[in-house]
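Novice: Here is a sequence together with a model predicted from it:
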Amino acid sequence: MARATLIGFCAVAMWALLALLTDASGAVPPFLLSAITFTIGTCVGLVARLFMPAAGGAAKIPRQVWVIGIAGLFGYHFFYFTALRNAPAVEASLIAYLWPLLIVLGSALMPGERLAWNHVAGALLGLAGTVLIVTKGGGLAFDARYAFGYAMAGVCAVLWSSYSLLSRRFPSAPTSIVTWFCAATAALSLICHLLLEETVLPNGAGQWLAVLGLGLMPVGAAFYAWDIGVKRGNIQVLGAASYAAPLLSTLVLIAAGFAEPSWRILAACVLITGGAALAAKSLFLRKRAASEANA
């Protein structure tokens, strides 16, 4: 379980590169960028199949798995882009980033799971740290004019948390199936691009490399790692630790010279790290007890 949880957190670390690489990709419209990067993400899965072939004679994958996977990957991005078009980015992003808290709370409904106080407290500390990152220490201004955009951001949070939780109910579905979720998302994103956007391709090698990086990691390998984490890892710990993504993203931007360090970054680091450690308390205690039993 600990190894699968760590693999799942690798997805969070890769998502920390999303802001930097998206900014470096130029003026490519969001649905076109999604179509290109998910196509690359599909290729990541196809290459992985060469080294980790699916087990022969596996049971037929239930129809619900396909619905959950495609709705999770494409649905999240569709509603997120819609939210950003209809509401201020700060408020929309913060609402959308309620999904880690929803994962922690929703895990109590999963078979074999038990929600403890430290899981909830850890997730709330992570949320507080995220508020500091997203708002830059300022206030929030929820305006009724943007109610539709706020609602779309809320749908994002519900969709991704539901995808993560429901994936756990089908542990026998191989991670390789994420390949086809990515392919379907790429196709649907292309349709949305053709209907809603003007085509603007990356300009120059630097922007194309940024797009390639997006497809290989945050919009590629990250989804395969996340699938392993939510199916076999400690989902409460993983949910709380997911609040590290905006912090890590900000640290990456600071390292690249696009942001300045500040007290709020330090405070957010303390809140998110402390929240993740608190949520993982039971996992650490079980590991310690197992070590003592084997001694």
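Specialist: Looks like it arrived, so ask away.
Novice: Please identify which helix or strand holds the closest residue to Ser242 other than its chain neighbours.
Specialist: Excluding its sequence neighbours, the residue lying closest to Ser242 (CB to CB, 6 or more residues apart in numbering) is Pro100, at 4.0 Å. Yep, even glycine has a C-beta here, placed from its N, CA and C like the rest. Following DSSP states H and E, the helix or strand that holds Pro100 is helix 99-106.
Novice: Who are the packing partners of that helix?
Specialist: Applying 3 or more CB pairs under 8 Å, 6 or more residues apart in numbering; DSSP states H and E, one finds that helix 99-106 contacts helix 117-135, helix 147-167, helix 235-241.
Novice: Compare the ones you listed and give me the one nearest Arg85.
Specialist: helix 147-167 (7.2 Å; CB to CB).
Novice: what angle sits between the next helix or strand after the closest one and helix 147-167?
Specialist: Next helix or strand after helix 147-167 toward the C-terminus (DSSP H and E): helix 178-196. Inter-element angle recorded for helix 178-196 and helix 147-167: 160 degrees (by axes from the mean of the first three to the mean of the last three CA atoms, to 10 degrees).
Novice: How far away from the center of its chain is helix 178-196?
Specialist: 18 Å (CA atoms, centre = their mean, to the nearest Å).
Novice: Can you list the residue ranges for helices in the stretch 1-150 of the chain?
Specialist: In the stretch 1-150 of the chain, the helices defined using DSSP state H, counting those that start in this stretch lie at 2-15, 18-24, 30-51, 63-86, 89-96, 99-106, 117-135, 147-167.
Novice: what packs against the first one?
Specialist: Okay, so that is helix 2-15. Judged by 3+ CB pairs under 8 Å, 6+ apart, helix 2-15 is in contact with helix 222-232, helix 235-241, helix 244-255, helix 281-294.
Novice: Tell me which of those approaches Pro62 most closely.
Specialist: Nearest of these to Pro62, taken as CB to CB: helix 222-232 at 14.3 Å.
Novice: contacts for that closest one?
Specialist: For helix 222-232, the surrounding residues in contact (CB atoms under 8 Å, 6 or more residues apart in numbering) are 1, 4-5, 7-11, 14-15, 41, 44-45, 48, 73, 164-165, 167-168, 170-171, 175, 178, 181-182, 235, 238.
Novice: Tell me the confidence at the residue nearest to Phe38 when sequence neighbours are not counted?
Specialist: Counting by CB to CB, 6+ apart, Phe38 lies nearest to Ala186, which is 3.8 Å off, once chain neighbours are set aside. With respect to pLDDT, Ala186 scores 97.
Novice: Pull the number of nearby residues for Ala186.
Specialist: Neighbourhood size, Ala186 [other CB atoms under 10 Å]: 22.
Novice: Give me the mean pLDDT for stretch 91-100.
Specialist: Across stretch 91-100, the average pLDDT comes to 85.
Novice: Could you check how far that stretch is from the centre of its chain?
Specialist: For stretch 91-100, the distance to the chain centre is 11 Å (CA atoms, centre = their mean).
Novice: List every C-alpha atom in it, with coordinates, as PDB.
Specialist: The C-alpha trace of stretch 91-100 is given here as PDB (Å, rounded to 0.1, in the frame of the first residue of the first chain):
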ATOM      1  CA  GLU A  91     -12.100  31.700  -7.400                       C
ATOM      2  CA  ALA A  92     -12.700  29.000 -10.100                       C
ATOM      3  CA  SER A  93      -9.400  27.300  -9.400                       C
ATOM      4  CA  LEU A  94     -10.000  27.300  -5.700                       C
ATOM      5  CA  ILE A  95     -13.400  25.700  -6.100                       C
ATOM      6  CA  ALA A  96     -12.100  23.100  -8.500                       C
ATOM      7  CA  TYR A  97      -9.300  22.300  -6.100                       C
ATOM      8  CA  LEU A  98     -11.800  21.000  -3.500                       C
ATOM      9  CA  TRP A  99     -11.400  17.600  -5.100                       C
ATOM     10  CA  PRO A 100      -8.700  16.300  -2.600                       C
END
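Novice: Residues in contact with it: which ones?
Specialist: In contact with stretch 91-100 (CB under 8 Å, 6+ apart) are residues 80, 83-84, 123, 126-127, 130-131, 134-135, 140-142, 146, 149-150, 152-154, 156-158, 160-161, 164, 239-240, 242-243, 246.
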